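> Based on what follows, work out the 3D shape:
(2 chains)
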Amino acid sequence: MKDVDLKTKWQQILEDLEKQISRPTLKTWFNDVNPLQLYNGILRLEVPNKLVKDWLENKFHIILLKIAKSYFHEIKNIEYVLNTQIKTRTRVSKYSFQQKITIFEVTPSTNLNPRYRFENFVVGSNNELAFAAAQGVVTNLGTKFNPLFIYGGVGLGKTHLLQAIGNEVLRKYNNQKKVRYATTEQFTNELINALKNQTIDEFRQKFREVDVLILDDVHFLSGKNKSQEELFHTFNELYNLGKQIVFSSDRAPRLIPDIEERLQSRFEGGLVVDIIPPDFETRLAIVRLKNQERAYYLPDFALEIIAERITKNIRELEGALNYIAFRVKNISNLNKDKVEEMIKDYLKQNIKKISPKKIIKVVAEFYGLKEDDLLKKLRKKEIIKPRQVLMYLLREIGKLSYNTIGELLNKRDHTTVLYSYEKIEKEIQQNFELYQEIEFLKQKILEN
Amino acid sequence: MKISLIKNTLLDKITVVNRICPKKTDLSVLNFFKLEAKNDKLTIFSTDLEISYKAVMVAKIEEEGEFLLPAKQFYEILQNFYEDVIYLENKDNTLILKGEKSFSTLPGISEEEYPLIPDYSEENYIEIDNKLFENYIEKIYGNIKTASVIKPEFAGVYMWLQNNWVRLVTTDTIRLSEVKFKKDLIITNIEKEEKILIPERIITEYLKIKKKPLKLKIYIEPSQITFDLEDQVLLSKTLTIEYPDYQQVIPQDFNIIFYVNRDEILKALKLNKVYVDQAKELKIRINPKDSLIELITRNEVLGENINKINVNIENSDQEDEIEISYNIDFFTEGIKNIDSEKIFIGVNIPGEFGIKPTLFKSPLEEDFIYILMPI
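Residues are numbered from 1 along each chain as shown, chains lettered A, B, ... in the order given. Predicted structure coming up:
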């Protein structure tokens, strides 16, 4: 039976019930009672707490069953299910302007952060297609672009756009649609926990009984077979029910390594759009917005310098803005040279000392190799490329000299290292897949 | 029903009943509470369906029975009742209250049925000293109050039972407090790790209730939590919530660490408080070179107030002056809740990875920590 029919009939049942019990009684006991489903002759009702459950079971069961039977002939019994989810209330308060601890900002039932909205997403030529697609999804849930697959590099606003879709759906449909946002990491971890604790049903309920499922960073599914299988079935079930699914990744579906073909083809089944790094105008618009949101009041020329100097990712853009804002004591004394100097300091500060060990570990993990094999003088084909990438990253992020890198990799000659570095640097320009791989690795290394 | 008892014994309990009974509801029966006289004991019970309260007291019972009374009106009468011993008797749907000199009536209900007193299982219990628990809760309670405005989903005490430790956590998304104590301080039969969010209502009620300095027993069931104070019981439903892994937001490294004298900074903050406006902004200028901080508040009408305080800078990767702003009330609360003479404050300056909170704690112990986001 469709949800809508069930809901209308439930309303009629309540109206009939009101003729037999007083209105206040009806309001108290039935206000938060909702029909969940009618299956195999059993009507399942969701009740807010144990008191109501006991009361309905003891006092109203017979009369309720009688009325229900006149609407659904097949009905045999009624079951009362405790609802332990919290109702979400969003209120505007005097604390709205305050900085929040991000992990607590999310709404537990949807896992969405209400801060990410369409209104504060800066649209530029780099992301206008993705933005339009996201809006299209909200107005035509499950019909127009299903699934929607958004990909792009780190810190370009994928998560913002994804969460904005979720928040907009809640707003537009008055919280009547169930939305669930999760990062692939959360999906995988919860799956593992569910398998371990034998709560797979709860897990499925969480991800399959939704109207919109948003899964961020699906490239992390690479090599995780069990998660891929689960997602495949989740996808099919939701898709067949006409529910909307949205994915994001740092690369196009066909470039995600170690992923089953059937899943890959499903990723590509709807609309695939990309987001590229923002141009100067968009970057400036972003810093202006952040400057306003945070009430920093930095002058325009300072913002222009920031937007000009920091080109690669939005997170860094924000970082530079914060850095400068907290060091400026007197805005009227601020001039271009001072800003330039601070930007230099900021960029210098950002070059953290990263241990070569960490780089080796991340690279080995990413390619599924043993750290030792990567360092040894093995000449297997499948190791050569990762090793070159490793050398490149040791130089690029680790800031090690060619000699030191050579020493580290079982006393290779520094010219070998130089060759590898240059080779990768050149290839990045031509091979987009490699470029994304390296960007991803960089992010992984810098993360902690 | 025909009973007599000491007025004050009853008044303490009815005060709670009056708080529990919903103020605005369409349904009359929930504005009532239940009196039950049986076996020389008077039991009173009230509920708003979210939280329930039961109290048992000794009374002289001449005739057993049950009766429903409107909470608000009964509370008003009892509050102003000037005699020590009170006699209660119902005739049909009217209650007669009398003393030696006074005689009053109050309409009640004798027939309609009242929600059933929820049963609870004592299978999984935690036993803790009342004073101790109260003390811990008071340290972290402030966050719950603001949380019920900002983020009701987290308005409660997150209790995390580990192998050797018990942690109590509250947050309102702007700040977070954690109390940590050895599991030896409680008696429990729960051996595995347990995580529960105890709702705000039951905590608030627990703090307000007049209680004997006895042990508090907490019973934990899948969807219910019970506070047993021997003569009084509070029950509430608990919620399934995925409490985020809050430990990941507790900063470990800082740009600047300094130690400040508690009394000195509290005095300054009091004066600062006079100068705040609606935004409640307290600006702190940290000068690592001179081991000095300045607390600055401004107000359009009064002007400004600046307090200089000498601090011990332990660690700083900054040479220049840094300015960082906090909500003055939240900042003061953090200081107040730490008992030590010196207070450790670890500051992080916003950077590439966003804005990190500031950590407050006692320099030696880590039994209480408070973290606060800057404005």
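> Please make it C-alpha for all contacts and neighbour counts, starting now.
OK.
> what pLDDT does the residue nearest to residue B:163 when sequence neighbours are not counted get?
Excluding the flanking residues, the one nearest residue B:163 by C-alpha to C-alpha, 6 or more residues apart in numbering or on different chains is residue B:193, at 6.7 Å. You'll see residue B:193 listed with a pLDDT of 87.
> repeat for residue A:90
So, for residue A:90, pLDDT stands at 52.
> Return the residues in contact with the closest residue to residue B:373 other than its chain neighbours.
Spatial nearest neighbour of residue B:373, chain neighbours left out: residue B:357 (4.3 Å); criterion: C-alpha to C-alpha, 6+ apart. Neighbouring residues of residue B:357 by C-alpha atoms under 8 Å, 6 or more residues apart in numbering or on different chains: A:101, B:175, B:249-251, B:347-348, B:371-374.
> could you redo the last one with a cut-off of 7 Å?
By C-alpha atoms under 7 Å, 6 or more residues apart in numbering or on different chains, the residues touching residue B:357 are B:348, B:371-374.
> next one: residue B:52
Contacts of residue B:52 (C-alpha under 7 Å, 6+ apart): B:46, B:234-236.
> Quick one: neighbours of residue A:263, just the number.
Using other C-alpha atoms under 10 Å in any protein chain shown, residue A:263 is surrounded by 17 other residues.
> where does it fall, helix, sheet strand or coil?
Look at residue A:263: counting by DSSP: H, G, I helix; E, B strand; the rest coil, its state is helix.
> how many neighbours does the residue lying closest to it once chain neighbours are set aside have?
The shortest distance from residue A:263 to any non-neighbouring residue, by C-alpha to C-alpha, 6+ apart, is to residue A:232 (6.0 Å). If you count neighbours by other C-alpha under 10 Å, residue A:232 ends up with 17.
> What residues sit buried inside the host helix or strand of residue A:232?
Using DSSP states H and E, residue A:232 falls within helix A:225-240. Residues of helix A:225-240 classed as buried by neighbour count (16 or more other C-alpha atoms under 10 Å in any protein chain shown): A:227-228, A:231-232, A:234-235, A:238-239.
> Most widely separated two among the residues you listed?
Spatial extent of these (C-alpha to C-alpha) is set by the pair A:227 and A:239 at 17.6 Å.
> that older thread, could you name the helices and strands sitting against the helix or strand just after the helix holding residue A:232?
Scanning forward in sequence from helix A:225-240 by DSSP H and E, the next helix or strand is strand A:244-249. Judged by 3 or more C-alpha pairs under 7 Å, 6 or more residues apart in numbering or on different chains; DSSP states H and E, strand A:244-249 is in contact with strand A:148-152, strand A:212-216.
> tell me what the last one is packed against?
Right, strand A:212-216. strand A:179-183, strand A:244-249.
> Please compute how far that strand lies from its chain's middle.
Relative to the mean C-alpha coordinate of its chain, strand A:212-216 is positioned 7 Å out (C-alpha atoms, centre = their mean, to the nearest Å).
> Would you mind putting the CA coordinates of that strand into CSV?
Only the C-alpha atoms of strand A:212-216 are listed here, as CSV (Å, rounded to 0.1, in the frame of the first residue of the first chain):
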residue,chain,number,x,y,z
VAL,A,212,17.0,10.7,-0.5
LEU,A,213,20.3,8.9,0.1
ILE,A,214,23.4,11.0,-0.2
LEU,A,215,26.7,9.3,-0.1
ASP,A,216,29.9,11.4,0.0
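> now it and helix A:225-240, what's the angle there?
150 degrees (axes from the mean of the first three to the mean of the last three C-alpha atoms, to 10 degrees).
> what sits up against strand A:212-216?
So strand A:212-216 is contacted by A:159, A:162, A:178-184, A:243-249 (C-alpha under 7 Å, 6+ apart).
> List the strands paired with that strand, with their directions.
strand A:179-183 (parallel), strand A:244-249 (parallel) (DSSP bridges).
> taking the mean pLDDT, what do you get for it?
The average pLDDT for strand A:212-216 rounds to 94.
> Equivalent analysis for the first one, please.
Mean pLDDT, strand A:148-152: 93.
> cool, and stretch A:157-172?
Stretch A:157-172 comes out at a mean pLDDT of 92.
> and residue A:21, how many residues sit next to it?
Residues near residue A:21, counting by other C-alpha under 10 Å, number 11.
> how near is it to chain B?
Residue A:21 sits 12 Å away from chain B when distances are taken as C-alpha to the nearest C-alpha, to the nearest Å.
> Any part of the helix or strand of chain B with the lowest mean pLDDT near chain A?
Within chain B, no helix or strand scores below strand B:312-316, which has a mean of 84 by mean pLDDT, DSSP states H and E. No - on the criterion C-alpha under 7 Å from any C-alpha of the partner chain, strand B:312-316 is out of touch with chain A, staying 14.1 Å away.
> For that strand, buried residues please.
Within strand B:312-316, the residues scored as buried using 16+ other C-alpha under 10 Å are B:312-313.
> Got the phi and psi for the residue nearest to residue B:163?
As for residue B:193, its main-chain torsions (degrees, to the nearest 10) stand at phi -70, psi 140.
> picking that back up, right, so of the strands paired with strand A:212-216, which gets closest to residue B:186?
strand A:179-183 (37.1 Å).
> Touching the closest one from outside, list them.
Contact with strand A:179-183 is made by A:110-112, A:166, A:207, A:210-217, as judged by C-alpha under 7 Å, 6+ apart.
> of all those, which comes closest to residue B:76?
residue A:110 (44.5 Å).
> so how far is residue B:246 from the closest residue in space to that closest one that isn't next to it in sequence?
Nearest non-adjacent residue to residue A:110, counting by C-alpha to C-alpha, 6+ apart: residue A:180, 4.6 Å away. In this view, residue A:180 and residue B:246 are 21 Å apart by C-alpha to C-alpha, to the nearest Å.
> what's the span of stretch B:151-160 from first residue to last?
20 Å.
> which outside residues touch that stretch?
In contact with stretch B:151-160 (C-alpha under 7 Å, 6+ apart) are residues A:86, A:88, B:144, B:147-148, B:166-172, B:194-200.
> ok, of those, which come out buried?
A:86, B:144, B:147, B:166-172, B:195-200.
> Just the ones of those in strands?
Among the buried ones among the contacts of stretch B:151-160, the members found in strands (DSSP state E) are B:166-171, B:195-199.
> Is the residue of chain A at minimum distance from chain B inside a helix or a strand, and which specific one?
Closest to chain B within chain A is residue A:319: 3.6 Å, counting by C-alpha to the nearest C-alpha. Using DSSP H and E, residue A:319 falls within helix A:314-325.
> And the pLDDT at the residue of chain A closest to chain B?
85.
> Could you give me the buried positions within stretch B:214-231?
Buried residues in stretch B:214-231, counted by 16+ other C-alpha under 10 Å: B:215-221, B:223-229.
> Also stretch B:101-116?
In stretch B:101-116, counting by 16+ other C-alpha under 10 Å, buried: B:107-110, B:114-115.
> Which of those scores worst on pLDDT?
residue B:110 (80).
> what's near enough to touch that one?
Residue B:110 makes contact with B:66-68, B:92-93 under the criterion C-alpha under 7 Å, 6+ apart.
> With chain A as the reference, measure out to it.
17 Å.
> List the beta-bridge partners for the residue nearest to residue A:110.
residue A:213.
> residues near it, how many?
By the criterion of other C-alpha under 10 Å, residue A:180 has 23 neighbours.
> need the contact list for residue 103.
This is for chain A. Residue A:103 sits in contact with residue B:244, where contact means C-alpha under 7 Å, 6+ apart.
> actually it's chain B I care about, not the one you picked
Here residue B:103 is in contact with residue B:97 (C-alpha under 7 Å, 6+ apart).
> Return the set of residues that bridge with it.
Bridge pairing for residue B:103 (DSSP bridges) gives the partners residue B:98.
> tell me the pLDDT at it?
In this prediction residue B:103 is given a pLDDT of 94.
> And the helix or strand hosting residue A:8, what's buried?
Using DSSP H and E, residue A:8 sits in helix A:3-18. Under the neighbour-count criterion of 16+ other C-alpha under 10 Å, helix A:3-18 has A:6, A:10, A:13-14, A:17 buried.
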